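Asker: sequence below, structure please.
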Amino acid sequence: MSKSQNIQLVQFNPQVGHIHENSQRILEIVNDNKMKAPVLWVFPELCITGYPPEDLLMRDDFLLSVENAVENITSNIDQDYLILGTPIRSEGKMYNAAVVLHNRSILTTYHKQILPNYDVFDEKRYFSSGTGPCVFTINDINFGLTICEDIWRTQPAQEACDAGANIIININASPYDIEKYNLRRNVAGDRVSEVKLPIIYINQVGGQDELVFDGSSFVLDSKNKLVTVMPSFEEAIENVQFSKDSGFTEYKNKKQSPSMEKQLYEALVCGTRDYVVKNGFSKAIIGLSGGIDSALTLLIAVDALGAENVTAVMMPSKYTSNVSKEDAEKLAKRLTVSYEVIPIENINKEYLLSLGQYFKNLPPDITEENIQARIRGSLLMAFSNKFGSMLLATGNKSEFAVGYATLYGDMAGAFAPLKDVYKTDVYRLVQYRNTISDIIPQRTIEREPTAELSFDQKDTDTLPTYSELDVILKMFIEEDASVEAIILNGHPENIVRDITRLVLKNEHKRRQSPPGIKITERAFGKDRRYPITSKFKISDPNIQENQ
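Answerer: Predicted structure coming up:
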C-alpha cells in the first residue's frame, strides 16, 4: 500500500509590501501547527509580497527584501515541505513563482506560465512567462504545481500530468466577485475531467485596496467530487491526507454554498476592515442621513470594526425631514455607536450670503444643493482629521455611474464600501442583514429615495426607478451593450440615451472618487478604463449633471 501525505492548506491574508510581517507569520503558522510526520504546507500565490504588489516589483530594494525573506524562511524549514508563492529574478527576467522548500533548501521552483492581462490583472507588465511543468515527489507521490491563471487553460495541467503528476496543486490570489466561486469550481472541474487527476485549489483571503479575496479554497478528487471547501473571507488552515493509490482518506466540510447576499455582505465587511486596519486606522466616521445607503455603510463599518470604533454624524438642513432625523437616531442607538448631530443651516446661510453678490439675479439651481453636500463633507473631514478616524463615503454604484454624487461633498472620504454595489443590491443587502438582527428601521427601507437637498425632492424626479436604471447600467457598463441593444431589451429610447450619456459624461468624477470594494464582474477603476476627455457621444440632450 502506498504511503499517504498530510497536506496543510493555509488560507492566508498577507499585507502587500509587509514582507517581514508576512514571512514571520508564515513561519509562525508552520511552527505552531507542526505534526509528527513531515507535512506539505501550501500557501497562496505571492504570499510573501501580498497580491497584487504592482509597481513595488520595479524596485530593486523591494525585490532584495523579498529574496532575503525567502532565504530566511528556507533556513527555517527542516523536515516539512513548504510551497511558497514569491516573485523570483532569474537571468534578467522576473517570474511569478512558487518555490518548494525542504531541508533548509529550495527543492524546486515553478514559474507561472499563463499571465493574466485583463480586468484588474496586469501581470505582463512585471513578469515573464514560464515555459514548462514542475513535478516534485514526496512519499512516492508526484505533485504537479501550477499558479492561478494556469488552471484556466488546459496546457499547464496537461503538461504536469504528462510529466507524471499524481495530483495537482494550484496556488492562487483570485479576487472575489459575485460569480467567481462557481467559475473557479467549474474550471477546476474541467481540468480534473481532462487529466483525471485531483486538484487542490488554495486561495488568498483578505482585502487589498479595491480587491477583496474570499479564500473559498477547495479540493477535488480525480472523479471531480468535492473533498472539502474552506471558509470564505477568513483565514483558515485545513489538513487533507492523500495517497497515490487510495486518494483522499476523508471527505469533509462540504457545506452548502451561502446565499449571494451573505457572500456580498461578508465581502464588503472584509474589504472595509482590511482597508481601514491595513492603512493604520482603527476607527471610522460616517455621515448618517437617515437614508438606506448610509444605514448600510454604518452597519458594514460596525460589523468590520466594532461599534466602539465607529462615529455617525447627522447634519440636518431645513430640507431634512423629521423621518430622516428619527430613523438616523434610531439606527445609531440600536448599533450603540457614537452619534453626533451638527445642524448645517446657519453654515449654509453664511455660504449663500458670501456668494450673494455674485449670484444675484440668478435663480437657485444645483449649485445651492451641492453647497450643502460640500459643507457636510468638510465637517466630516474635520472630524476625521481631529480624531484620527477614516471617513467612509456612502455612495453606491448607481449614483457613481450617473454622477448623482457631489464632488468634494458626499464623495469625500478615504474609502467607499458601496462603490461597486448597485442601489437595488443595497436593498437586498439590507434585507439580508436584517434577517440576522432587525437593525435598520423598516421605514428607512420602504421610503422613496431622496437626497433631501431641496423641498419634496425625490431621486425619481430626474432618474428612472432604480430597478430600471440598474438594468440599463449593467448592460452598458458590464456588458458593453450598445444603446440600440439596450433599447431593444425593452427600455424607452429617451431614458436609455439620457442614462448612457450621463455615464460617459461623469468619468471625471469617478476618477476623483475614493476606492471601493470590487464585487461585480466589472467595477469602476482598473476593470473599466475609459478616457475622461473623449469625443465619443451617445446622445446630446440638455441634461445638467451634478458637479
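Asker: so how far is residue 414 from residue 15?
Answerer: With distances taken as C-beta to C-beta, to the nearest Å, residue 15 is found 17 Å from residue 414. Where you see a C-beta, it was placed from the backbone N, CA and C, and this is true even at glycine.
Asker: and residue 314, by the same measure?
Answerer: For residue 314, the distance to residue 414 - C-beta to C-beta - is 20 Å.
Asker: of these two, give the one with the bigger neighbour count.
Answerer: Ranked by neighbour count (other C-beta atoms under 10 Å), residue 314 and residue 414 place residue 314 first, with 22 against 18.
Asker: so that one sits right up against residue 342, yeah?
Answerer: Yes - in this structure, residue 314 is within contact of residue 342 by C-beta atoms under 8 Å, at 7.5 Å.
Asker: list the contacts for residue 439?
Answerer: Residue 439 makes contact with 299, 331, 334-335, 433, according to C-beta atoms under 8 Å, 6 or more residues apart in numbering.
Asker: then it would be within a helix, right?
Answerer: No - counting by DSSP: H, G, I helix; E, B strand; the rest coil, residue 439 is located in no helix; its state is coil.
Asker: what's the pLDDT at it?
Answerer: At residue 439, the predicted lDDT confidence score is 91.
Asker: start at 305 instead
Answerer: Let's use 305 as the start, then, which means that last one is residue 743.
Asker: that older thread, between the contacts of residue 743, which is closest to residue 770?
Answerer: Closest approach between these and residue 770, by C-beta to C-beta: residue 737, at 18.5 Å.
Asker: you'd agree that closest one is up against residue 569?
Answerer: Yes - counting by C-beta under 8 Å, residue 737 sits close enough to residue 569 to count as a contact (6.2 Å).
Asker: hang on, the earlier thing: out of the contacts of residue 743, which are inside helices?
Answerer: Among the contacts of residue 743, DSSP state H puts 603, 635, 638-639, 737 in helices.
Asker: which one of the residues you listed has the most neighbours?
Answerer: In terms of neighbours by other C-beta under 10 Å, these top out with residue 603 at 26 neighbours.
Asker: got a pLDDT number for that one?
Answerer: We have a pLDDT of 97 for residue 603.
Asker: ok, the residue nearest to it when sequence neighbours are not counted - contacts?
Answerer: Excluding its sequence neighbours, the residue lying closest to residue 603 (C-beta to C-beta, 6 or more residues apart in numbering) is residue 737, at 5.7 Å. The neighbours of residue 737, taking C-beta under 8 Å, 6+ apart as the test, are 569, 600, 603, 743-744.
Asker: which of those sits closest to residue 791?
Answerer: Using C-beta to C-beta, residue 600 is the member of the contacts of residue 737 that lies nearest residue 791, at 32.0 Å.
Asker: save the contacts of residue 743 as CSV, and put in distance to residue 389 too.
Answerer: Below are the contacts of residue 743 laid out as CSV (distance: C-beta to C-beta, whole Å):
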residue, distance to residue 389
603, 34
635, 42
638, 43
639, 39
737, 35
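Asker: that older thread, looking at the ones in helices among the contacts of residue 743, which one is closest to residue 340?
Answerer: The closest of the ones in helices among the contacts of residue 743, once distances to residue 340 are taken by C-beta to C-beta, is residue 737, at 44.9 Å.
Asker: how deep is residue 789 tucked in, by neighbour count?
Answerer: Counted by other C-beta under 10 Å, the residues lying close to residue 789 total 13.
Asker: tell me which other helices or strands the one helix or strand it maps to touches.
Answerer: For residue 789, the element it lies in under DSSP states H and E is helix 787-792. When contacts are defined as 3 or more C-beta pairs under 8 Å, 6 or more residues apart in numbering; DSSP states H and E, helix 787-792 packs onto helix 797-809.
Asker: chain center to the helix it packs on, what's the gap?
Answerer: In this view, helix 797-809 has its centroid 28 Å away from the chain centroid, taken as C-alpha atoms, centre = their mean, to the nearest Å.
Asker: mind listing what's buried in the next helix or strand after it?
Answerer: Counting by DSSP H and E, the element after helix 797-809 in chain order, helix or strand, is helix 811-815. Buried residues in helix 811-815, counted by 16 or more other C-beta atoms under 10 Å: 811, 813-814.
Asker: repeat for stretch 638-650
Answerer: Residues of stretch 638-650 classed as buried by neighbour count (16+ other C-beta under 10 Å): 639, 641-643, 646, 648.
Asker: if we can go back for a sec, what comes up buried for the helix holding residue 789?
Answerer: Buried residues in helix 787-792, counted by 16+ other C-beta under 10 Å: 787, 790-791.
Asker: give me the contacts around the longest helix along the chain.
Answerer: Looking across the chain with DSSP H, the single longest helix is helix 670-691. With contact meaning C-beta under 8 Å, 6+ apart, helix 670-691 is reached by 587, 589, 591, 615, 617, 619, 621, 623, 646, 648, 651-652, 655-656, 663, 693-695, 710, 712-718, 755, 757-758, 848, 850-851.
Asker: so what are the domain limits for this protein?
Answerer: Following automatic domain parsing, the chain resolves into domains at 308-561, 566-763.
Asker: need those domains in CSV with distance to residue 828, can you?
Answerer: Shown next, in CSV, are the domains of the chain (distance: least, C-beta to C-beta, whole Å):
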stretch, distance to residue 828
domain 308-561, 9
domain 566-763, 6
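Asker: residue 801: which of those domains is closest?
Answerer: Of all the domains of the chain, domain 566-763 sits nearest to residue 801, with 12.8 Å by C-beta to C-beta.
Asker: roughly how far out does the closest one sit from the chain middle?
Answerer: 21 Å.
Asker: thinking again about what came up before, the buried residues of stretch 638-650 in strands, which ones?
Answerer: Members of the buried residues of stretch 638-650 lying in strands (criterion: DSSP state E): 642-643.
Asker: could you dump the buried residues of stretch 638-650 to a markdown table with distance to residue 771?
Answerer: What follows is the buried residues of stretch 638-650, written out as a markdown table (distance: C-beta to C-beta, whole Å):
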| residue | distance to residue 771 |
| --- | --- |
| 639 | 28 |
| 641 | 31 |
| 642 | 35 |
| 643 | 32 |
| 646 | 34 |
| 648 | 32 |
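Asker: state the pair within the buried residues of stretch 638-650 that is farthest apart.
Answerer: Using C-beta to C-beta, the two most remote members of the buried residues of stretch 638-650 are 639 and 648, lying 23.0 Å apart.
Asker: could you find the closest non-adjacent residue to residue 378?
Answerer: In this structure, residue 378 finds its nearest non-sequential neighbour in residue 405, 5.1 Å apart by C-beta to C-beta, 6+ apart.
Asker: name the helix or strand for that neighbour, please.
Answerer: Using DSSP H and E, residue 405 sits within strand 397-406.
Asker: what's the average pLDDT for stretch 507-524?
Answerer: pLDDT averaged over stretch 507-524 gives 96.
Asker: hang on, residue 472 in a strand?
Answerer: Yes - under three-state DSSP, residue 472 sits within a strand.
Asker: thank you, goodbye.
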